[in-house]
Structures are given as structure tokens and as C-alpha cells.
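In: quick one, fold the following:
(one chain, ligands or ions: 1)
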Amino acid sequence: MRKMMAILLMLFTITAVSAQDPVIGKYKKALIIGAHPDDPESMCGGTMLLLKQQGCEVVCVYMTRGEGGITGKSAEETAAIRTQEALNSCEVMGIRPVFLTQIDGNSEINKARYDEMRKLIADEKPDVVITHWPIDSHRDHRICSMLVYDAWRLLGHNFDLYYGEVMTGMQTQMFSPTIYVNIDSTVMQKRKAYTCHVSQGTAENVVKWHEVIGRMRGREFQCTHAEAFIKQRWNSSEILDR
Ligand SMILES: [Zn+2]
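Out: Residues are numbered from 1 along each chain as shown. Below is the predicted model of the structure:
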């Protein structure tokens, strides 16, 4: 019995380790699409940096400028502050930022917004996109995910699509990842990037909120810090209804 348990444990370990590929290591251009400034970085900043180190061009897309994210300030003031924070963060990572035109807390999902997201992706021509997992307590995150998913379908699945997590439990819900990336080598630079978003809390708090997720995934993946994903599947019999 004990021998069988050991074999099962060994098989489980091999399976878990092999789950690292394919998020990193084979892509030439990645778009990381988040609803708000700080979402791409907290969701997968470590993976973005690893992709970049391996020669992949990485673009960080913010669907809004975080207009609703500072209590007591107008949408315009908040957008200006959070845009600058996003620019600072992208500078730390050496990654190009792109801003879409949705408004934080007032995101829309309609034909024009589907077209906007699809056009961005078609113009940028990534071979991989990472965005929010669609089941999330934040409406903007859900909308962002659905817009990207729709683009993936209408562009003929011409890029690989992965979903990541943001503040799981509070925001991302029911997320059971199948792919892990060990980010021990990039976690400090990731922290430096997302703590550029100073309007979102003290560096100490922000680290606490986000790194608890990375540590939990690290424990699951037998390292210290990890990011985790689910890859969108498809098959050739899928019906494209429009
Ligand atoms: Zn967000």
C-alpha cells in the first residue's frame, strides 16, 4: 500500500511539473489584457517578465484607466493618476502599454465594444493573449474576459487564449488552474511593477493582497511563487454563429 502511494505521489509530481509549459517558451508576441491599471501586473506580471526574457514581445493592455479607483477624486483626476501609474509600471517591466477607451465601473458589452477589442487584437497580431477568468465579482473583469473571448472566436482562434486570476476569493471566483508558471526569478520585479500603482494602497498592503495568491499557487506547484492559468480549448466542430 505504501509503495503504491509512493508511485501515485511520484506520478502526481511529474504531472504537476509538466504543467508549466506552454504559457512560456514558445510565443513571439503576447497581449496581456486587463480591465484596470494593475490587473495585468497582478494577474501575470511574473509570466510577462519571463516571456520578455525569452524574446517574446509583450504588450500590456488596459481596458480602462481605472476612473473609479480613487475615493474622493473625479473620474478625470483619477484617470490621470492611474494612467501615470500604469506608465510607470510598464517602464519598470520594459513593456509597451496600450489603453482602450472603456470607463472603469461603466464598462459596456455591445457590438461597438466587441469590434474595438477585436480590432485591437487583429492589429497587434499576438500569438498568445492572457486575460481575466470570466467568473469574477467585478463586472469590468467579466466584460473584459467576454470581449476577448469573442475576439478569439471571430478571429478564427488564431492566438492561444489563457485566463488568469486577480485577488481570487474577493474577485476571481471558482478558478481551478491547470497550468502553472514558476515566477521565483521574476517575483521581485513583478512586485516593483505593481507597487507603482500607489493609489491602490500602500506597498505593504498591495503586496499582501496579491502575493498571497502567488504563494498559494507556488505551494501547489512546489516553488515559492507561481502564477496559474487555464487555457481556452476549442475543437474544429465548434459552431461559429456569427
Ligand atoms: Zn481590476
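In: ok now the helix or strand where Lys190 lies, how far from the chain's centre?
Out: Element membership for Lys190, per DSSP states H and E: helix 187-194. Helix 187-194 sits 14 Å away from the centroid of its parent chain (Cα atoms, centre = their mean, to the nearest Å).
In: tell me the helix or strand right after that helix.
Out: Next along from helix 187-194, by DSSP H and E: helix 203-221.
In: pairing partners for the next helix or strand after that following helix, with directions?
Out: Using DSSP H and E, the helix or strand that follows helix 203-221 in sequence is strand 226-231. Sheet pairing for strand 226-231, assigned by DSSP bridges, gives strand 160-164 (antiparallel), strand 179-182 (antiparallel).
In: CA atoms of the longest one as PDB?
Out: Think strand 160-164. In PDB, the C-alpha atoms belonging to strand 160-164 read as follows (Å, rounded to 0.1, in the frame of the first residue of the first chain):
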ATOM      1  CA  ASP A 160      -3.800  30.900 -27.800                       C
ATOM      2  CA  LEU A 161      -6.000  32.200 -25.100                       C
ATOM      3  CA  TYR A 162      -5.300  31.800 -21.400                       C
ATOM      4  CA  TYR A 163      -7.300  33.000 -18.400                       C
ATOM      5  CA  GLY A 164      -5.600  34.200 -15.200                       C
END
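In: for the record, mean pLDDT for that strand?
Out: For strand 160-164, mean pLDDT rounds to 97.
In: returning to what we had before: now tabulate the strands paired with strand 226-231 in TSV and tack on mean neighbour count and distance to the ion.
Out: In this view, the C-beta of every residue, glycine as well, is placed from N, C-alpha and C. Below are these laid out as TSV (neighbours: other Cβ atoms under 10 Å; distance: least, Cβ to the ion, whole Å):
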stretch	mean neighbour count	distance to the ion
strand 160-164	23	12
strand 179-182	22	20
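In: okay, the ones you listed in TSV with distance to Ala122 next?
Out: Listed next are the strands paired with strand 226-231 as TSV, based on distance: least, Cβ to Cβ, whole Å:
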stretch	distance to Ala122
strand 160-164	14
strand 179-182	25
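In: confirm Ser42 sits in a helix?
Out: Yes. Counting by DSSP: H, G, I helix; E, B strand; the rest coil, Ser42 is part of a helix.
In: what is the neighbour count of it?
Out: 27 (other Cβ atoms under 10 Å).
In: now do the SS call for the residue in the chain positioned nearest to the ion.
Out: Relative to the ion, the nearest point of the chain is His36 (3.6 Å; Cβ to the ion). The three-state assignment at His36 reads coil, by three-state DSSP.
In: what residues are up against it?
Out: Applying Cβ atoms under 8 Å, 6 or more residues apart in numbering, we find His36 in contact with Tyr62, Met63, Thr64, Gly66, Gly69, Arg82, Asp104, Asp140.
In: so what's it closest to, chain neighbours aside?
Out: Gly66 (4.6 Å; Cβ to Cβ, 6 or more residues apart in numbering).
In: got the contact list for Val181?
Out: Contacts of Val181 (Cβ under 8 Å, 6+ apart): Gln20, Val23, Ile24, Cys44, Gly46, Thr47, Leu50, Ala226, Glu227, Ala228, Phe229.
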